[in-house]
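[1] Sharing a sequence plus its predicted fold:
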Amino acid sequence: MSYSLSIDLSNNLENIPICIEANASEEAYPVFQYSPDNVQGPGSVIDPSEVTLPGCSCHTHSCLTDSCHCLQTYGQAYNSSCSLRDLSSAEDAAYSMPVFECNTLCACSEACSNRVVQKGITLRLEVYRTKERGWAVRTLEPIPSRTFVCEYAGEVISFEEAMRRQLAQRPEDNNYIIAVREHAGQGPVSQTFVDPSRVGNAGRFLNHSCLPNLFMVPVRVHSTVPRLALFASRDIDTQEELTFDYAGGSSGQPHVEQPMQRDAVIQASRTATLQRKPCNCGAQNCARFLPLDISVFSI
């Protein structure tokens, strides 16, 4: 096996190179455009790169809950070690208030502890080939629990475009589209569809696991469009594969076929199309099949 460590999958678009391991006998690298951030895709009426959220007026090194409008309004999300303070699992994320970071319009410093996801990937990650699950991502350094790892970034598309793309897929195709639905009591459901198949970042290579070591939190920085941030749900060792639950659950919880019938604040899913596909995660609680999301066909 040969290691192409000189190849940076991100083409210098990340703070730190994303290495790619290649076996000389394997297929060529996947063809896609690398983007560390979400981009506006077909049907999306909002450009994720536009700054549309107001900023705080804290002229401090790091914002404090008692004085910061962002933290008072949206709840304190992070501590100074760049780890989640209040969210420790996918269940916490599903029933939490929306998470907002300080943004470019805020008066606080760039070192503010409420700026985490916007700083991008800071960990050494490697994309590599597996025998049964295609491409995957592993860490080249230890990751403490609740540390931000990477985004699941791609094209932000409309529901209609998501449905069109899923219906056009062949049974052997992988579906990269993730659907995030945020509920606010009896109010309308906010829906975000992200597809990194054509334009995306390292997150597109993350595999599903029924016992994952990452969980997803929609985080808003500059725009009302959430960034799908993945955090470590436990301490992760060097060389360990990074995974998350495509059904939006947390470790040890049984899968529920979508759409979920509960009043969760957040529902997230990235699954196969109507063709059930076997799950090869190897976890003791493996559900045997990848989660099936039919909501994109039934809304």
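    Noted; the coordinates are in hand. Owing to the predicted nature of the structure, the values given are computational and were not obtained by experimental measurement.

[2] ok, and the closest non-adjacent residue to residue 67?
    residue 58 (6.2 Å; Cβ to Cβ, 6 or more residues apart in numbering). (Each C-beta comes from the backbone N, C-alpha and C, glycine too.)

[3] Report the distance from the helix or strand hosting residue 150 to the chain centre.
    Per DSSP states H and E, residue 150 falls inside strand 148-151. Its chain's C-alpha centre and that of strand 148-151 lie 7 Å apart, by Cα atoms, centre = their mean, to the nearest Å.

[4] At which residues are the helices of the stretch 101-250 of the chain located?
    Along the stretch 101-250 of the chain, counting by DSSP state H, counting those that start in this stretch, helices occupy 159-167.

[5] Parallel or antiparallel, which strands does the strand ranked longest in the chain pair with?
    Secondary structure of the chain read by DSSP state E shows that its longest strand is strand 190-200. Taking DSSP bridges as the criterion, strand 190-200 sits next to strand 33-34 (parallel), strand 154-157 (antiparallel), strand 178-182 (antiparallel) in its sheet.

[6] how about those, which one is nearest residue 100?
    strand 178-182 (12.7 Å; Cβ to Cβ).

[7] before we move on, the earlier item: name the residues that touch the strand holding residue 150?
    Contact with strand 148-151 is made by 36-38, 82-84, 116-117, 121-123, 125, 139, 143, 201-203, 214, 227-232, 242, as judged by Cβ atoms under 8 Å, 6 or more residues apart in numbering.

[8] Could you say which of the strands paired with strand 190-200 is packed most deeply?
    Scoring the strands paired with strand 190-200 by mean neighbour count under mean count of other Cβ atoms under 10 Å gives strand 154-157 as the most buried, with a mean of 25.

[9] Identify the residues contacting residue 41.
    So residue 41 contacts 154, 155, 156, 157, 161, 195, 199 (Cβ under 8 Å, 6+ apart).

[10] Identify the farthest-apart pair in those.
    Across these, the two lying at the largest distance from each other (Cβ to Cβ) are 161 and 199, at 13.3 Å.

[11] still on that earlier bit, just the contacts of strand 148-151: which are in strands?
    125, 139, 214, 227, 228, 229, 230, 231, 232.

[12] Closest one to residue 106 out of those residues, please.
    Set against residue 106, the nearest of the ones in strands among the contacts of strand 148-151 by Cβ to Cβ is residue 227 (16.3 Å).
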